[in-house]
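Student: make a model of this:
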Amino acid sequence: DSLQGTTATNVTPNTNTYAGFTAPAKQTVTISPDGQTVVDYYYTRNSYTVTLNKGTGISAVTGAGTYLYEAQVTIDATVKSGYNWSNWTGTKASATKALTFTMPAGNVTNTANATIQTYTITYDLDGGTVTTANPTNYTVETANFTLNNPNKQGYTFSGWTGSNGTTPQTTVTIVSVEPKSI
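Tutor: Residues are numbered from 1 along each chain as shown. Prediction:
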């Protein structure tokens with residue numbers, strides 16, 4: 001800014017307001033006899049906080065911390081086994097898991113989210129029935145369960161085949177998947 005005034009008088013130039021910066025204290029100076037007084041104001045770049053939360057199906061998040069305004073920030077999440085990445089919700093909402101953004105002039109709070117994978121079970125009972133219905137799907141959170149065997153008039157059930165192999169088994173237990181990071 002260029003200001004005018006009378007030599008040998010005191011002036012206090014105003015500071016400006018800039019997003020992401022803290023203004024210095026105003027300085028009072030005396031205008032020199034040649035009228036060429038210079039006042040330099042140095043602004044401080046502000047720091048802001050990135051806070052990350054783990055939603056369901058998330059085992060870890062990275063990138064939380066304190067960053068200077070306009071710094072490049074990368075946040076990421078580790079999804080538990082049995083879940084699929086969904087999105088970031090919050091200040092910097094995005095479907096991108098490893099998200100890079102420029103730090104704004106304010107704090108950022110995001111939550112990493114995942115959706116559970118549902119596995120379908122299809123039964124071919126060949127005309128048989130079960131007294132208590134078997135589950136038609138399960139997830140990594142489903143407790144272990146044993147299949148109820150079917151009955152068919154005039155037949156003896158010899159066992160289940162399928163994902164357990166080609167040798168019939170009369171007792172098949174669906175075991176919950178061991179969670180692990182991917």
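
Student: what is the neighbour count of the closest residue to Ala98 other than its chain neighbours?
Tutor: Leaving aside its sequence neighbours, Ala98 sits nearest to Asp76 (C-beta to C-beta, 6 or more residues apart in numbering; 4.5 Å). Every C-beta, even on glycine, is put in place using the N, C-alpha and C of the backbone. Around Asp76 there are 16 other residues, counting by other C-beta atoms under 10 Å.

Student: so how far is Ala95 from Asp76?
Tutor: 14 Å (C-beta to C-beta, to the nearest Å).

Student: likewise for Ala60?
Tutor: The value you get for Ala60 to Ala95, if C-beta to C-beta is used, is 19 Å.

Student: neighbour-wise, which of those two wins?
Tutor: Per other C-beta under 10 Å, whichever of Ala60 and Ala95 has more neighbours is Ala60, with 13 against 9.

Student: what pLDDT does that one get?
Tutor: In this model, Ala60 is scored at 98, pLDDT.

Student: so which strand or helix has the spatially most central residue of the chain?
Tutor: The centroid of the chain falls nearest to Ala112 when counting by C-alpha atoms, centre = their mean (2.1 Å). Using DSSP states H and E, Ala112 sits within strand 108-116.

Student: direction included, what does that strand pair against?
Tutor: Paired strands of strand 108-116, with direction, are strand 47-54 (parallel), strand 83-90 (antiparallel) (DSSP bridges).

Student: which residues touch the following helix or strand past that strand?
Tutor: As assigned by DSSP H and E, the chain's next helix or strand after strand 108-116 is strand 119-120. By C-beta atoms under 8 Å, 6 or more residues apart in numbering, the list of residues contacting strand 119-120 from outside reads Thr136, Asn137, Tyr138, Thr139.

Student: wait, the last one touches Gly82, no?
Tutor: Spelled out, it's Thr139. Yes. The criterion here is C-beta atoms under 8 Å, and Thr139 meets it with Gly82 at 6.4 Å.

Student: of the two, who's got more company?
Tutor: Legend: neighbour count by other C-beta under 10 Å for Thr139 and Gly82, higher for Gly82 (22 against 13).

Student: which helix or strand contains the spatially closest residue to the more buried one that is not a sequence neighbour?
Tutor: In space, and not counting its chain neighbours, Gly82 is closest to Val140: 2.7 Å by C-beta to C-beta, 6+ apart. In the assignment (DSSP H and E), Val140 maps to no helix and no strand.

Student: and Val140, how many neighbours?
Tutor: What Val140 shows, counting by other C-beta under 10 Å, is a neighbour count of 18.

Student: same thing with the one 3 residues further on?
Tutor: Around Ala143 sit 8 other residues, with neighbours defined as other C-beta under 10 Å.

Student: helix or strand: which one has Lys92?
Tutor: Per DSSP H and E, there is no helix or strand for Lys92.

Student: could you report the distance from the nearest residue to Val108 once chain neighbours are set aside to Phe101?
Tutor: Of all residues not flanking Val108 in the chain, Thr91 sits nearest, at 4.3 Å (C-beta to C-beta, 6+ apart). Distance from Thr91 to Phe101, counting by C-beta to C-beta: 9 Å.
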